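Enquirer: show me how the following folds:
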Amino acid sequence: MKETICTIPINDVFGPKDGCPICRLHDMLEQNYLDYILGAAMMEPDIRVETNEKGFCTKHFHMMVNRGRRLQNALILETHLDNIKNTLIDENAKGKPDKKNIAALEQLQQSCYVCDKISWGMEHMFRTIFSSFTTDPEFKELFEQQPFICLPHYTMLIKSASSKGGLKGSELSEFYKSASKLSGKYLSTLKDDISHYCKMFDYRSNGQDWGNSKDSIERSVEYLTSEKPDYIE
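Expert: Got it, this is the predicted structure:
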């Protein structure tokens, strides 16, 4: 399978054939952007303008703090908090709340610099996946050998493939067929495992084999959300 600077990360996430490859792609981009923003990029003026205005979602704020780079986090927070203070919240406010101000506050709490960068990176990586799928038989075979594609990322892939700059005609049909088979076949397996799990609580199933159903709840949640839940005995 041929490799270029664009295809190397794609081959890396599809190579293991373990779980959803697009989840691995997302995680790779997420880690890279977190390292980037807490590294040298933190001091770049244009980057700080973006982080000051967008901030970060709860998940990525926590991930940044848990990386232990306290000074970097403090410097980012210093100017982000200053931006909020200067533009959105006035401690000496008088009169009535302004609707535009409320909308801006809501928008701030829904925006995230890292999430936006991941979305941008995913879209560009999808273009490489589409190109490799249609031009490289070895990658097409590797794509079709994946265990599954989770529901959120299946949706993202199909939407991207169907949009402007995606695939057309027979290439779109072939990709849709392959992606749907991956996601749908695993969905059928999950449904059977969940049904078997429920059945095992019937007294008539006493002594029967649980098969692959014991972790079917966790696998189903992972498929539906792209996130692995904490296992509880």
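Enquirer: use CA for all of it now, contacts and neighbours both
Expert: Will do.
Enquirer: counting contacts, what elements does the worst-scoring helix or strand of the chain on mean pLDDT pack onto?
Expert: In the chain, the helix or strand scored least confidently by mean pLDDT, DSSP states H and E is helix 7-14, which has a mean of 90. Helix 7-14 makes packing contacts with helix 21-37, helix 113-135, helix 137-144 when contacts are defined by 3 or more C-alpha pairs under 8 Å, 6 or more residues apart in numbering; DSSP states H and E.
Enquirer: can you redo the ones you listed as TSV with mean pLDDT?
Expert: Below are the helices and strands packed on helix 7-14 laid out as TSV (pLDDT from 0 to 100):
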stretch	mean pLDDT
helix 21-37	96
helix 113-135	96
helix 137-144	96
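Enquirer: in a markdown table: those, plus mean neighbour count and distance to Thr225.
Expert: Listed next are the helices and strands packed on helix 7-14 as a markdown table, based on neighbours: other C-alpha atoms under 10 Å; distance: least, C-alpha to C-alpha, whole Å:
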| stretch | mean neighbour count | distance to Thr225 |
| --- | --- | --- |
| helix 21-37 | 18 | 10 |
| helix 113-135 | 17 | 16 |
| helix 137-144 | 17 | 21 |
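Enquirer: how about these, which one is nearest Ser178?
Expert: helix 137-144 (6.4 Å; C-alpha to C-alpha).
Enquirer: distance of Tyr29 from Met125?
Expert: Not quite, residue 29 is Leu, not Tyr. 10 Å (C-alpha to C-alpha, to the nearest Å).
Enquirer: ugh, typo on my part, it should be Lys168
Expert: 18 Å.
Enquirer: now do His26
Expert: 10 Å.
Enquirer: what number of residues lie near Asp193?
Expert: 22 (other C-alpha atoms under 10 Å).
Enquirer: and stretch 167-174, how far out from the chain's middle?
Expert: Averaging C-alpha positions (C-alpha atoms, centre = their mean, to the nearest Å) puts stretch 167-174 25 Å from its chain's average.
Enquirer: in that stretch, what's buried?
Expert: Within stretch 167-174, the residues scored as buried using 16 or more other C-alpha atoms under 10 Å are 167, 171-172.
Enquirer: contacts for that stretch, please.
Expert: Contact with stretch 167-174 is made by 130, 134, 161-162, as judged by C-alpha atoms under 8 Å, 6 or more residues apart in numbering.
Enquirer: Pro152 touches Val221, doesn't it?
Expert: No. Pro152 lies out of contact with Val221 (C-alpha atoms under 8 Å); the separation is 11.3 Å.
Enquirer: the closest residue to Leu182 other than its chain neighbours and His80: what is the separation?
Expert: The shortest distance from Leu182 to any non-neighbouring residue, by C-alpha to C-alpha, 6 or more residues apart in numbering, is to Phe148 (5.0 Å). Phe148 sits at a distance of 40 Å from His80 (criterion: C-alpha to C-alpha).
Enquirer: ok, now Leu187?
Expert: From Leu187 to His80 the distance is 43 Å (C-alpha to C-alpha).
Enquirer: mind listing what Leu88 touches?
Expert: Neighbours of Leu88 in contact, by C-alpha under 8 Å, 6+ apart: 101, 104-105.
Enquirer: which ones among these map onto helices?
Expert: 101, 104-105 (DSSP state H).
Enquirer: pull out the buried positions in the particular helix or strand that has Tyr176 in it.
Expert: With secondary structure defined by DSSP states H and E, Tyr176 is part of helix 169-199. Applying a neighbour-count criterion of 16+ other C-alpha under 10 Å, one finds 171-172, 175-176, 178-180, 182-184, 186-187, 190, 193-194, 196-197 buried in helix 169-199.
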